[in-house]
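[1] the following comprises the amino acid sequence and a computationally predicted model.
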Amino acid sequence: MSRKSVTMRDIAEQLNVSIVTVSKALAGKEGVGTALREKIITMAGEMGYVGKSSEKKGGNRNIALLMSERFLVNDNSFYFKIYQKMIMSLSARGHIGILEIVRKEDEEKGKLPKIVKLESTSHVVIIGEMKNRFLEELMSLEIDVIFFDFENEEYAVNCIAGDNINGGYTLTRYLVKSGYTKIGFVGNYKATRSILDRFTGYMKYLIAKDLRMEEKWTIMDRDADGKFIPMVLPEEMPEAFVCNCDETAYRLITQLNQMGYKVPEDIAVVGYDDYADNVVDSVPLTTYHVNTEEMIQQCIKLIEQKNDESANRKGIMIIPGRLVLRGSVLPRKH
């Protein structure tokens, strides 16, 4: 078997282990026992394995940008705007970014788009989470992959994410400092890691301050596939809501208005991302700004530093954001 034809899948099949295990062992990542790691490394050497990152040399090439169709709710999608910014930034650096929308059935079956198999494609950037079945198939190609706006500890790749836990914490802290003590959360924290982290930050601050937590104040905004669903609000309403994204915050404001509540006079609402263009009933939204510009620049830096030794050290890069104060929260007196 020639050196270039040997893949992680070949090694995995020889040792009857998963591709994920091989990937972790070769990357020196935790989760693989010492004996098995040595066995995998030995087998890789005997089979003549050479990672693609060692084979490719210089030159600007195509960058495949993959995004699940689950995130493209509409043209106002946070990830669609990231894609637009990323294409422009890549072009300014002399790269070609090509977007591929991965259909739900292909994601679940692990069916890869043709672009990732082309010799002219040097990197794959996955914008938003993908199912493990899809990721495992992608890793078998040994192409350079970057996870953008999410992390997955199962794979030895570079990840760039916003500071979601601190963002949820900061928004909740601001509401409490503004006089609110009964605070709900809107978002399905089982849908994505990002929402879970934002929910964790929200809970973290409430726990730290011994504030009341009510399960009925955690409102689902989408199903497991990311599709928006009708929000069921409780009879006893909190004083404020932390929303997992701006789009959900605007949907909530519209629903509250229809129920006779005024924002921010009756109920305060804060969002997350700082990207949505629309404003509901002239309510400017207090939100947490995700620094997508810096995230994109760091992503391009990883692409361009591929032949640098530092680029071979896989890890998670957290990019902090900032609180943006607008008019959807009023100081509250008890």
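    Yep, it's here. Numbering: from 1, shown residues only.

[2] can you give me the pLDDT of residue 131?
    We have a pLDDT of 93 for residue 131.

[3] what's around it, how many residues?
    Per other C-beta atoms under 10 Å, the neighbour tally for residue 131 reads 16. Yep, even glycine has a C-beta here, placed from its N, CA and C like the rest.

[4] nearest spatial neighbour of it, chain-adjacent residues omitted?
    In this structure, residue 131 finds its nearest non-sequential neighbour in residue 107, 5.0 Å apart by C-beta to C-beta, 6 or more residues apart in numbering.

[5] one more: residue 176?
    That would be residue 209: by C-beta to C-beta, 6+ apart, it lies 6.3 Å from residue 176.

[6] what's the spacing between the one you found and residue 172?
    Look at residue 209 and residue 172: by C-beta to C-beta, to the nearest Å, they are 9 Å apart.

[7] of the two, give the one with the bigger neighbour count.
    residue 172 (26 against 11).

[8] for the closest residue to that one other than its chain neighbours, the count of nearby residues, please.
    In this structure, residue 172 finds its nearest non-sequential neighbour in residue 205, 4.1 Å apart by C-beta to C-beta, 6+ apart. Under the neighbour criterion other C-beta under 10 Å, residue 205 is assigned a count of 20.

[9] and what of the one 10 residues further on?
    The tally of other residues near residue 215 (other C-beta under 10 Å) stands at 6.

[10] report pLDDT for it.
    For residue 215, the model assigns a pLDDT of 94.

[11] what do you get for residue 226?
    What the model reports as pLDDT for residue 226 is 84.

[12] shouldn't it be in contact with residue 71?
    Yes: Residue 226 lies in contact with residue 71 (C-beta atoms under 8 Å); the separation is 6.2 Å.

[13] now residue 211. Nearest residue, chain neighbours left out?
    Nearest residue to residue 211 in three dimensions, chain neighbours excluded: residue 181, at 5.7 Å (C-beta to C-beta, 6+ apart).

[14] now the one you found: which helix or strand?
    According to DSSP states H and E, residue 181 maps onto no helix or strand at all.

[15] go ahead and confirm it touches residue 210.
    No: assessed by C-beta under 8 Å, residue 181 is found out of contact with residue 210, at 10.2 Å.

[16] settle it for me: which of these two has more neighbours?
    Per other C-beta under 10 Å, whichever of residue 181 and residue 210 has more neighbours is residue 181, with 15 against 7.

[17] from residue 43, how far out is that one?
    For residue 181 relative to residue 43 (C-beta to C-beta), the value is 59 Å.

[18] ok, now residue 23?
    Remark: distance between residue 23 and residue 43 (C-beta to C-beta) = 14 Å.
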